[in-house]
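J.: Below: sequence and its predicted model.
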Amino acid sequence: MKLKIITILVLLIVGLSIFVSGCTDSGDSRDNENTGQEAEMSETDEPILVAVSVVPQAEFVEKVGGDKVKTVVIIPPGADPHTYELSPKEVQEISKASMLVTVGVGMPFEEVWINKFETMNSGTLIVNCSKGLELRELEEHDHEEEEEGERDEESDEDHEELDPHIWTSPANAKIMVEDIYEGLVKLDPENEAYYAQNKDAYLEELDALDERIREKLEGSEGSNFLVYHPSWGYFAEDYGLNMISVEIEGKEPSAQDLAKLVDLAKEKNVKVIFVQSQFSTRSAEVLAQEIGGEVVAVDPIAKDYITNMDNVSDIFARNLV
């Protein structure tokens, strides 16, 4: 009798162990399945990597894309777009981008990156921010000291160069934001409403910025200002100003050019030359000494676009004549 009871107890214990084991295995299986789903979700929820040419474009992308984008800037703050060379690490990071936002004009390095993406057949979406904009031509100096034969040879060529500094106009910035919005919707149509809401909110900020600048510069229409590098042409056109550039097409002025600029500055009673940290300011400083003026720094590619443009317009308003 005792043996029979012991046998029954053993069978019950074994059965209970199998039942508990089965429940535990089932739970582990579900946990593994859930973990896999979470991993899959985390992959799909990763932000879209967007490469941009200059810092202001990064703000435009981030304002529209919110937490669904991550930006990488090809030309970082403080660097000269004409001479900057990327490190291998930067090249590797940019190569992963799902979208490349270009200025679209006057930036030779952009063609290099477009060719790279096309060669890799990466499927990267190229967004041209100059699409739909009225582009302006850069001025040219008359280099009188050049040899006659060189001038004759160059006169047969088309040297019209378009101004790439399109973002210095808030009106242009609005069109750039629209272009970026369309690009993000192409890549991520499921979040179109999210991008549209962000875009509309930022366009209102840009409208308010434009109104503030117009108020600050009211009465300054027709004023002349000197710059070292011709970054503010679109800004000048928007607000009725006249930009006079020391540097033209990346070239230092000749002695004759500098003498003409001195005479022009004196004629127009211009006492301030605006410079930016990315370029040499030697010629600007020489010119400032000649006209009894001063050099003032303004940065067209600083971070925080709206704050920077507010600060720049304050500086212009104080110094325009």
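T.: On my side now, so go ahead.
J.: Can you give me the distance of the residue nearest to D314 when sequence neighbours are not counted to E182?
T.: Distances taken as C-beta to C-beta, 6 or more residues apart in numbering put K216 closest to D314, at 6.6 Å, once the chain neighbours are dropped. All C-beta spots, glycine's among them, are computed from the backbone N, C-alpha and C. According to C-beta to C-beta, to the nearest Å, K216 and E182 sit 32 Å apart.
J.: Help me confirm that the residue nearest to D314 comes into contact with S313.
T.: Yes. If you go by C-beta atoms under 8 Å, K216 and S313 touch, sitting 5.1 Å apart.
J.: what about those two, which has more around it?
T.: It is S313, of K216 and S313, that has more neighbours when counted by other C-beta atoms under 10 Å, with 22 against 18.
J.: so how far is I306 from that one?
T.: Taken as C-beta to C-beta, the span from S313 to I306 is 11 Å.
J.: Provide a list of residues in contact with the residue nearest to D314.
T.: 313-314, 316-317 (C-beta atoms under 8 Å, 6 or more residues apart in numbering).
J.: quick one: pLDDT of it?
T.: With respect to pLDDT, K216 scores 97.
J.: And the one 4 residues further on, by the same measure?
T.: The predicted structure scores S220 at 93 on the pLDDT scale.
J.: and what of S42?
T.: pLDDT, read off for S42, is 37.
J.: same question, L86
T.: Confidence score, pLDDT, at L86: 80.
J.: ok, now the one 5 residues further on?
T.: The model reports V91 with a pLDDT of 83.
J.: that's a strand at P81, yeah?
T.: No. Read with DSSP: H, G, I helix; E, B strand; the rest coil, P81 is coil and lies in no strand.
J.: Tell me how far the residue lying closest to it once chain neighbours are set aside lies from Q57.
T.: Ranked by C-beta to C-beta, 6+ apart and with sequence neighbours excluded, the top spatial neighbour of P81 is I75, at 4.8 Å. Applying C-beta to C-beta, the value for I75 to Q57 is 10 Å.
J.: can you tell me the helix or strand for A259?
T.: helix 255-268 (DSSP states H and E).
J.: starting at the chain centroid, how far to the helix or strand just after that helix?
T.: As assigned by DSSP H and E, the chain's next helix or strand after helix 255-268 is strand 272-275. Distance, stretch centre to chain centre, for strand 272-275: 24 Å (C-alpha atoms, centre = their mean, to the nearest Å).
J.: Give the partner strands of strand 272-275 in its sheet and their orientations.
T.: Paired neighbours of strand 272-275 in the sheet (DSSP bridges): strand 224-227 (parallel), strand 294-297 (parallel).
J.: CA-only coordinates of the helix or strand just after the first one in CSV, if you can.
T.: Looking back up the chat, that one is strand 224-227. Downstream of strand 224-227, the first helix or strand assigned by DSSP H and E is helix 233-238. Coordinates of each C-alpha in helix 233-238 appear next as CSV, following Å, rounded to 0.1, in the frame of the first residue of the first chain:
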residue,chain,number,x,y,z
GLY,A,233,23.4,89.5,-52.3
TYR,A,234,20.0,87.8,-51.9
PHE,A,235,19.6,89.5,-48.5
ALA,A,236,20.4,92.9,-50.2
GLU,A,237,17.9,92.2,-53.0
ASP,A,238,15.1,91.3,-50.6
